[in-house]
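**Q** just need the structure, nothing else, for what follows:
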Amino acid sequence: MNQLFFQCRAITPMFMAGADNKARQASALELRAPSVKGVMRFWWRAAQAESDIAILKRKEAAIFGGTGEREGKSKFSIRILNSAGIGVGDCREYKPLPHHTGNSSCFCVQKQGEKRCSKGRPQPAIATDHIFSVAFSNSFDLLSQDFTQEHLKSLFTLTAIMGGLGKRSRRGFGSFQITQVNGQSQSVAVDLNYILSLLELLAPQKYYISGNNIVLEGNCDGSYPYIKEITIGKLYRSIDRLLEVIGEASHDYASMYLGTAAKRQRLASPIYVSVIAEGNQFRPVITTLNTEFSPGYQAGPLNTQNSFKVAIL
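**A** Numbers count the residues shown, from 1 in each chain. Just a heads-up that it's a prediction; the model follows:
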C-alpha cells in the first residue's frame, strides 16, 4: 500500500458544510474527503477534453470507481487528517458576496427598493491560513502507466491550483495551497509552464502555451465542461480586494454565459476563478471551460465571458 501526504493552507475562506449540508454555525464546518475526491474527479474529467463520452466514462471509472458492471472501487482512498480540528480560531464570518456591503448604502438597495442589503450577510467559513492535511492511500501497480502515484500527485496539485473547496469556489473562495508533500516543503513557482507540465502528464499532447494562455490543441466535441483555456492574472496585494473584484465582475457582467440558477435551467459557471499565492500577494487563475447548455435552450446572443475575465485579469 502506497501513501501520499499533503499539508495544505487555505488561501481564501472555505464555505464548507458538514454531512448534513448545513453550515449556519461555525461548529458545522467540516472538511470532508468526499468533497475533495469530487473536486479531483471534476478536474480530471475537465483536463481530458475527450470527445467520446463512453471512453471518458470508462477511464474515469477505472480510476475513481463506478457502479457499472466490472467497474469496481476507486484506486485510492482519501483521509482528511485533521477534519475534526477546525476550532473557533480557525473559523470566521465572511461575505460570500463581498461586493455587497450588507447595509443601506449597498448598490442593490435602491435598485431593488429594499431598506437594507440582504446579500451582504456574512456566513461562517474556514478561515484563511487554516492548515489541514490530506492523506492518500493507494494500491497502484508501479508498472502501470495509466494512472500511477505520480499521476495522483499531479492531479491533486492541479486541483489545488485551478479548483477550490466549498461554495463559491468558482468565484475565488475555497482556494488552497500545497505547502508540503510527504514532509518535504513545496516552493514551486506556479506559472503556465508548471501548469502545462501537470496537464501533460494527465492528458498528453492536449494543451499548449499560446501567448499568455494555455489553450486546447484542436477541437473537442465532448458535451461537458472540459478545459479550453487557462490564464494567470495580475498580482493583487490584498486577498479581500481580489475577492471583491471577482464579485463586482460577476455582478457587472452577469449573463447566462456565466451560469444561471433559474428553476428550470441551472448551469454552473463555465468560467472558473481560483486564487494562488505568491508570498503575501495573490493572483487569479481563470479557467475557461466548455459552455454546454441543455438541448434547445436559448441563451441569447450576448456572450460576456471575455468582459468578465478582462475585469479580473
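**Q** and stretch 159-171, end to end?
**A** End-to-end distance for stretch 159-171: 15 Å, by Cα to Cα, to the nearest Å.
**Q** what does stretch 164-175 give?
**A** For stretch 164-175, the end-to-end distance is 4 Å (Cα to Cα).
**Q** so Phe132 versus Arg9, what's the distance?
**A** 8 Å (Cβ to Cβ, to the nearest Å). (Glycine included, C-beta is placed from N, CA and C.)
**Q** just Phe156 next, same as before
**A** 14 Å.
**Q** longest helix in the protein, please.
**A** Ranked by residue count under DSSP state H, the longest helix found in the chain is helix 33-48.
**Q** identify each buried residue in it, please.
**A** 35-37, 39-48 (16 or more other Cβ atoms under 10 Å).
**Q** would you list the residues you listed in CSV and tack on distance to Arg237 and pLDDT?
**A** Formatted as CSV, these follow (distance: Cβ to Cβ, whole Å; pLDDT from 0 to 100):
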residue, distance to Arg237, pLDDT
Ser35, 30, 91
Val36, 30, 93
Lys37, 34, 94
Val39, 28, 96
Met40, 31, 96
Arg41, 34, 95
Phe42, 31, 96
Trp43, 28, 97
Trp44, 34, 97
Arg45, 35, 95
Ala46, 30, 96
Ala47, 31, 96
Gln48, 36, 95
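**Q** where exactly do the strands run in the stretch 101-250 of the chain?
**A** 123-126, 131-138, 176-181, 184-185, 207-210, 213-216, 227-232 (DSSP state E, counting those that start in this stretch).
**Q** can you put those in CSV and add distance to Phe64, mean neighbour count and mean pLDDT?
**A** Compiled in CSV, the strands of the stretch 101-250 of the chain are given as follows (distance: least, Cβ to Cβ, whole Å; neighbours: other Cβ atoms under 10 Å; pLDDT from 0 to 100):
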stretch, distance to Phe64, mean neighbour count, mean pLDDT
strand 123-126, 25, 23, 86
strand 131-138, 12, 17, 90
strand 176-181, 20, 18, 94
strand 184-185, 27, 8, 90
strand 207-210, 22, 16, 96
strand 213-216, 23, 18, 96
strand 227-232, 18, 20, 96
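**Q** possible to save these as JSON lines with distance to Ile286?
**A** Putting those into JSON lines (distance: least, Cβ to Cβ, whole Å) gives the following:
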{"stretch": "strand 123-126", "distance to Ile286": "22"}
{"stretch": "strand 131-138", "distance to Ile286": "25"}
{"stretch": "strand 176-181", "distance to Ile286": "17"}
{"stretch": "strand 184-185", "distance to Ile286": "28"}
{"stretch": "strand 207-210", "distance to Ile286": "15"}
{"stretch": "strand 213-216", "distance to Ile286": "9"}
{"stretch": "strand 227-232", "distance to Ile286": "5"}
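**Q** out of those, flag the one nearest Lys73.
**A** Among the strands of the stretch 101-250 of the chain, the nearest to Lys73 by Cβ to Cβ is strand 131-138 (11.6 Å).
**Q** just checking, what packs against that closest one?
**A** Packing partners of strand 131-138 (3 or more Cβ pairs under 8 Å, 6 or more residues apart in numbering; DSSP states H and E): strand 2-10, strand 76-80, helix 149-162.
**Q** just to revisit the earlier point, Phe156 and Arg9: which is more packed in?
**A** Phe156 (24 against 17; other Cβ atoms under 10 Å).
**Q** who are the contact partners of the more buried one?
**A** Leu4, Phe6, Met40, Val134, Phe136, Ile178 (Cβ atoms under 8 Å, 6 or more residues apart in numbering).
**Q** out of the residues you listed, who's nearest Leu235?
**A** Ile178 (20.1 Å).
**Q** ranking the helices and strands packed on strand 131-138 by burial, who's on top?
**A** For these, average neighbour numbers computed from mean count of other Cβ atoms under 10 Å are highest in helix 149-162, which has a mean of 20.
**Q** could you pull up the mean pLDDT of that helix?
**A** Mean pLDDT, computed over helix 149-162, is 94.
**Q** what angle sits between that helix and strand 176-181?
**A** Helix 149-162 and strand 176-181 are oriented at 140 degrees to each other (axes from the mean of the first three to the mean of the last three Cα atoms, to 10 degrees).
**Q** so Glu60 makes contact with Lys75?
**A** No - assessed by Cβ atoms under 8 Å, Glu60 is found out of contact with Lys75, at 11.2 Å.
**Q** who touches both of the two?
**A** Common neighbours of Glu60 and Lys75 (Cβ under 8 Å, 6+ apart) do not exist.
**Q** remind me which residues of the stretch 51-200 of the chain are low pLDDT?
**A** 67-72, 82-89, 99-120, 139-145 (pLDDT under 70).
**Q** quick one: the helices in it?
**A** Counting by DSSP state H, counting those that start in this stretch, the stretch 51-200 of the chain has helices at residues 53-64, 107-112, 149-162, 192-202.
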